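>>> what would the 3D arrangement of this be:
(one chain, ligands or ions: 1)
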Amino acid sequence: MRKQIVVANWKMNNSPEQSKQLCSSILSNMSPIDKEVILAPSYLYLNAVVDATQNSVIKVAAQNCHQEISGAYTGEVSASMLAALGLDYVILGHSERRYYYGEDNSLLAKKVSSALSQGLKVIYCCGETLDQRNSGAHIDRITKQLTEGLFHLPTDAMRNIVIGYEPIWAVGTGITATSTQAQEMHAHIRNAISNKYGADIANDTSILYGGSCTPSNVKELFVQNDVDGGLIGGASLDADDFIAIVNA
Ligand code: PGA
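You can find the predicted model right below:
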């Protein structure tokens, strides 16, 4: 049975105080749930968030990692460093990393392997631009991101992968994919995984939707057959909104 998961991607936001406050509001107001909740603060606050969420149901993710385990890479953070902090997950392939930092599928394939080799689970993001959607190239674009960034993995490794489908035109724009658009792409992703790894793995893989999720639009998205939760950016910075989304 695949898990329902909600991820808070705080991006480059929050002060240390705000991070602590968000953690404690989420912990004290979250009702007992059957979903997995993951917080992804900046590198700097990972330690504090791991401490604050110890002995709770909340898991912690980093927003990126380097593809090498160690070496002369000034300013970078490796998967082994993240694993040593006690993290469970790392987000890889977010569209902001792909766009602003030129991360392509072949680099991401290395990052994915590196993270898995250190015992981290990976939330692998994919998504198309508005032009690609309007020209009907969106399905092929996602297939390519999966094939080149993920499908080098052996079957067992897929048990440690969560997919985040985030149409770029919906991330941070206030425009959300319709539930029909989301379901169509999620079904396509599951089908692609099934073709490569078989139906069991495909059925067990959680596929999250991300892109301007709010308490008012998530319910319709989360009830879709192939939508197994969400990757939440802006709305995860407000404890009440995030908890409402988790409880949706
Ligand atoms: P958003 O971001 O909810 O602000 O659109 C989602 C994400 O980037 O994961």
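>>> quick check: residues of the chain near the ligand?
Selection of the chain residues close to the ligand by CB under 6 Å from any ligand atom yields 9, 166, 171-172, 210-213, 231-235. Every C-beta, even on glycine, is put in place using the N, C-alpha and C of the backbone.
>>> now do 8 Å
Residues of the chain that fall close to the ligand, judged by CB under 8 Å from any ligand atom: 7, 9, 11, 94-96, 125, 164, 166, 170-173, 210-213, 231-236.
>>> and the one helix or strand in the chain whose mean pLDDT sits lowest, what other elements does it pack with?
In the chain, no helix or strand scores lower on mean pLDDT, DSSP states H and E than helix 16-29, which sits at a mean of 91. In terms of contacts (3 or more CB pairs under 8 Å, 6 or more residues apart in numbering; DSSP states H and E), helix 16-29 is packed against strand 36-40, helix 46-52, helix 239-246.
>>> elements contacting the longest one?
When contacts are defined as 3+ CB pairs under 8 Å, 6+ apart, helix 239-246 packs onto strand 5-9, helix 16-29, strand 229-232.
>>> excluding residues flanking it in the chain, which one is nearest L27?
Leaving aside its sequence neighbours, L27 sits nearest to S56 (CB to CB, 6 or more residues apart in numbering; 5.7 Å).
>>> same deal with C126?
Counting by CB to CB, 6+ apart, the residue nearest C126 is Q145, at 4.0 Å.
>>> pretty sure the one you found is in a helix, no?
Yes - per DSSP: H, G, I helix; E, B strand; the rest coil, Q145 lies within a helix segment.
>>> dump stretch 11-24 to CSV, restricted to CA.
Output of stretch 11-24 as CSV, limited to C-alpha atoms (Å, rounded to 0.1, in the frame of the first residue of the first chain):
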residue,chain,number,x,y,z
LYS,A,11,12.7,26.9,0.2
MET,A,12,15.0,29.8,1.2
ASN,A,13,12.6,31.1,3.8
ASN,A,14,12.2,31.5,7.6
SER,A,15,14.5,32.7,10.4
PRO,A,16,15.7,30.3,13.0
GLU,A,17,12.9,31.5,15.3
GLN,A,18,10.2,31.2,12.6
SER,A,19,11.4,27.6,11.8
LYS,A,20,11.1,26.6,15.5
GLN,A,21,7.7,28.2,15.8
LEU,A,22,6.4,26.5,12.7
CYS,A,23,7.7,23.1,14.0
SER,A,24,6.0,23.5,17.3
